[in-house]
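Chemist: Quick one: sequence plus predicted model below, questions after.
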Amino acid sequence: MKSKSTTKPVPASAAAPSGRFGRAVALHLEGKAEEALAEIERALDDGECEAEVYAAAGYLRHERQLYPEAAAAYRKLVDLDPANASAWFNLAASLQAAGNWDNAAEALEKCIAADPNRYEAHVALGSCRLRSGAARPALEVYERCLRLFPSLDDAKLEPVLLGKAAALHLQKKFTPAAELYQRILERNPRCEEALANSVAANIELKNHRAVAASAEQLLKIHPESRAAHEGLASAAFAAGDYDKAAAHCAALVKIAPDAFEAWFNLGVALEKTGRPEAAKAYSEALRLRPDDAQVPVNLGVAYHESGDSQKAKECYQRALELDPNCATALWNLALALEQEQNPREAEKLYTRLLDHSPDALDARFRVGCLRLDAGDYRGAAEAFDACVWKREDWPEAMLNAGIAYWKLGELDAARDNFERCLRAQPQSSEAARALAAIALERGQTDEAAELHARLIQQGEQAPEFLYNAALLEQNAGRHQEATGLYRKALAVSPDFAEALWNLGIALEAMGQGDEAQANWQKALALKPELGRGYFR
């Protein structure tokens, strides 16, 4: 967001040239500005301190870009003639050129006091206030200017509206600022300042259509406009068009090779499109901002996705050196260690993350999984309980808590978690199978049979599960139902010796001895030990 002033010194009315002053005027008319200034400097050295000499010194010094020296000459002039509005205006111009915005504003206030109808002084004063960050006083200046000059032509109205919009922009009043930029563009569609500022304001408003419209128009006028490419990249990111975002970010890094945000966003866009060049873009961003912990995190992700886990881990470790509590680095490094079968170090990192972010439930869930795999069932149960306490509708945590309690032999707690899991996720076959197994373990055969039947209706076809369901039916004396289930198990796993053996028992109970014999023979051929105890 910017607004600028075109303030320049105004030549003073000079007396008829005489002596060195006259020669200076003649030399300047011939285009010999340096020689003219030398004459004036000699005049000052000789004590010629008339107003015209100071005016000439200020003008010629400013012209030679000697701005502090020009301001010194104009100071002498206003000391001699405090009511000289042009002298105050010219002093302000030199102070502005030197970047001394506050003192320039003071000089412009004096100019306006001497000549309230000087339009250029009002515009320049507003610009100085903006440059010094005084948005509210700047807005007051521009609004006063609009009241004093209600009938400005377009050429003079544009800088006033631009300044007012910029003042609103600085105060984060993005909607009225954007509306003013649009008003300017309706009068002058090629106003680069209004287009660039419109891009910035509409980015803040997340009005991506307006961002793209202004940026595209700006790009037509100025193909290497940084604001245009930034706007189009922003709109492309918002639309999920990462190829287009990458193209504009690539243009930006050519225009501004030291722009950190451009390199970082290029990395993001390339990463989103799965292109390995993302790592190079993030590396450039890291070179420009080596102390930003987020950059090595993103670089690590790029390396990870390209299959270079070692470089990825090094990046995550660098991020943690910069910020020991960087949650993303802790999480990503822990996941990498898990993938490398290093669960102990992974758990340490998840625990570090939880020390600083107790509500990082995904990390707590991973701790529970690692403990469950390591046989620390009590620790696993505690971790999963904490997950469920924070998020009551988390079926995976309930399921794993149930498994941990089951392993501990705490069947009531296990059953409670499996039932809660089923309420949260009625299609969870894992929870239903676990409840069926617990019912079997407790001898609650009717409940176990009901759960097995429900799961089979839902499509459960695991041979071991069908076998258990068949046993329940067989033990209840329902041999026909048992036979059907054994046959289903054998259809999936034809060499399931126990299913063959028990199918034979069910068939014999139904009076089908020949088929029973055939199944027993197959079972014994597969697993001879099934015949133990036959002769007792």
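Modeler: Noted; the coordinates are in hand. Residues are numbered from 1 along each chain as shown.
Chemist: drop to CA atoms for contacts and neighbour counts, all remaining ones
Modeler: OK.
Chemist: In contact with the closest residue to Phe260 other than its chain neighbours, which residues?
Modeler: Closest residue to Phe260 apart from its sequence neighbours, by C-alpha to C-alpha, 6 or more residues apart in numbering: Ala285 at 5.3 Å. By C-alpha atoms under 8 Å, 6 or more residues apart in numbering, the contact list for Ala285 reads 260-261, 263-264, 295.
Chemist: Quick check: mean pLDDT of whatever helix or strand Ala285 lives in?
Modeler: Following DSSP states H and E, one finds Ala285 within helix 278-288. The predicted model gives helix 278-288 an average pLDDT of 96.
Chemist: Equivalent analysis for stretch 522-530, please.
Modeler: 87.
Chemist: contact partners of that stretch?
Modeler: 495-498, 500-501, 531.
Chemist: now swap in stretch 401-415 and tell me
Modeler: Contact with stretch 401-415 is made by 372, 377-378, 380-381, 384-385, 416-418, 435, 438, as judged by C-alpha under 8 Å, 6+ apart.
Chemist: Name the residues of it that come out as buried.
Modeler: 401-408, 411, 413-415 (16 or more other C-alpha atoms under 10 Å).
Chemist: distance between the ends of it?
Modeler: 10 Å (C-alpha to C-alpha, to the nearest Å).
Chemist: average model confidence for it?
Modeler: 95.
Chemist: circling back to that earlier point, what's the closest of the buried residues of stretch 401-415 to Pro343?
Modeler: Relative to Pro343, the closest of those is Ala404; by C-alpha to C-alpha it sits at 17.7 Å.
Chemist: give me the element that closest one is part of.
Modeler: helix 395-408.
Chemist: which regions of the chain sit below the pLDDT cut-off?
Modeler: The chain contains residues with pLDDT under 70 at 1-18, 533-536.
Chemist: Gly300: neighbouring residues, count only.
Modeler: 29 (other C-alpha atoms under 10 Å).
Chemist: how near is it to Gly477?
Modeler: Counting by C-alpha to C-alpha, the gap from Gly300 to Gly477 is 62 Å.
Chemist: one step back: from the contacts of stretch 522-530, list the buried ones, please.
Modeler: Among those, the ones that count as buried by 16+ other C-alpha under 10 Å are 495-498, 500-501.
Chemist: Which helix or strand lies directly C-terminal to the helix holding Ala404?
Modeler: helix 411-424.
Chemist: what's in contact with stretch 156-168?
Modeler: 1-5, 123, 126-127, 130, 135-136, 138-139, 142-143, 145-146, 174, 176-178, 180-181, 184, 193-194, 197.
Chemist: okay, now the closest residue to Met510 other than its chain neighbours: neighbour count?
Modeler: Once flanking residues are discounted, Met510 sits nearest to His479: 6.9 Å by C-alpha to C-alpha, 6+ apart. Close neighbours of His479, defined as other C-alpha under 10 Å, add up to 22.
Chemist: still on that earlier bit, out of the contacts of stretch 522-530, which are inside helices?
Modeler: 497-498, 500-501 (DSSP state H).
Chemist: what sits up against the helix or strand Asp385 falls within?
Modeler: Following DSSP H and E, one finds Asp385 within helix 377-390. Residues outside helix 377-390 that contact it (C-alpha under 8 Å, 6+ apart) are 361, 364-365, 367-372, 394, 397-398, 400-402, 404-405, 407-408.
Chemist: rewinding a little: return the closest of the contacts of stretch 401-415 with respect to Ala215.
Modeler: Among the contacts of stretch 401-415, and counting by C-alpha to C-alpha, the member closest to Ala215 is Phe384, at 50.6 Å.
Chemist: How many residues are close by the closest one?
Modeler: Using other C-alpha under 10 Å, Phe384 has 28 neighbouring residues.
Chemist: what about it, distance to Ala404?
Modeler: Here Phe384 is placed at a distance of 9 Å from Ala404 (C-alpha to C-alpha).
Chemist: Of the contacts of stretch 156-168, select the buried ones using a ChimeraX command.
Modeler: Isolation of the buried members of the contacts of stretch 156-168 (16+ other C-alpha under 10 Å) is achieved in ChimeraX through the command below:
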select :1,2,3,4,5,123,126,127,130,135,138,139,142,143,145,146,174,177,178,180,181,184,193,194,197
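Chemist: Now go through the contacts of stretch 156-168 and say which are in helices.
Modeler: 123, 126-127, 130, 135-136, 138-139, 142-143, 145-146, 174, 176-178, 180-181, 184, 193-194, 197.
Chemist: how far does the helix holding Ala404 sit from the chain's center?
Modeler: Put simply, helix 395-408 sits 36 Å off its chain's centre (C-alpha atoms, centre = their mean, to the nearest Å).
Chemist: And for stretch 439-448?
Modeler: 53 Å.
Chemist: buried sites along it?
Modeler: 439-440, 445, 448.
Chemist: would you list those in a markdown table and tack on distance to Ala215?
Modeler: As requested, the buried residues of stretch 439-448 are exported to a markdown table (distance: C-alpha to C-alpha, whole Å):
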| residue | distance to Ala215 |
| --- | --- |
| Ala439 | 68 |
| Leu440 | 69 |
| Thr445 | 72 |
| Ala448 | 67 |
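Chemist: Please name the residues that touch Trp88.
Modeler: 74, 78, 107-108, 110-111.
Chemist: Quick one: distance of stretch 153-169 to the chain centre.
Modeler: So, by C-alpha atoms, centre = their mean, the centroid of stretch 153-169 is 33 Å from its chain's centroid.
Chemist: Mind telling me what element Leu270 is part of?
Modeler: helix 260-272.
Chemist: thinking again about what came up before, can you flag the buried ones in the contacts of Trp88?
Modeler: Among those, those classed as buried by 16+ other C-alpha under 10 Å are 74, 78, 107-108, 110-111.
Chemist: quick one: which of those residues sit in helices?
Modeler: Per DSSP H, the subset of the buried ones among the contacts of Trp88 in helices is 74, 78, 107-108, 110-111.
Chemist: Let me know the closest of the residues you listed to Asp45.
Modeler: Of all those, Asp45 sits closest to Tyr74, with 16.3 Å by C-alpha to C-alpha.
Chemist: And that closest one, how far from Ala124?
Modeler: For Tyr74, the distance to Ala124 - C-alpha to C-alpha - is 17 Å.
Chemist: Same question for Glu35.
Modeler: Here Glu35 is placed at a distance of 31 Å from Ala124 (C-alpha to C-alpha).
Chemist: okay, those two: which has more neighbours?
Modeler: Ala124 (28 against 14).
Chemist: Show the contacting residues for the nearest residue in space to Leu170 that is not next to it in sequence.
Modeler: Excluding the flanking residues, the one nearest Leu170 by C-alpha to C-alpha, 6+ apart is Ala135, at 6.0 Å. Applying C-alpha under 8 Å, 6+ apart, we find Ala135 in contact with 129, 167-168, 170-171.
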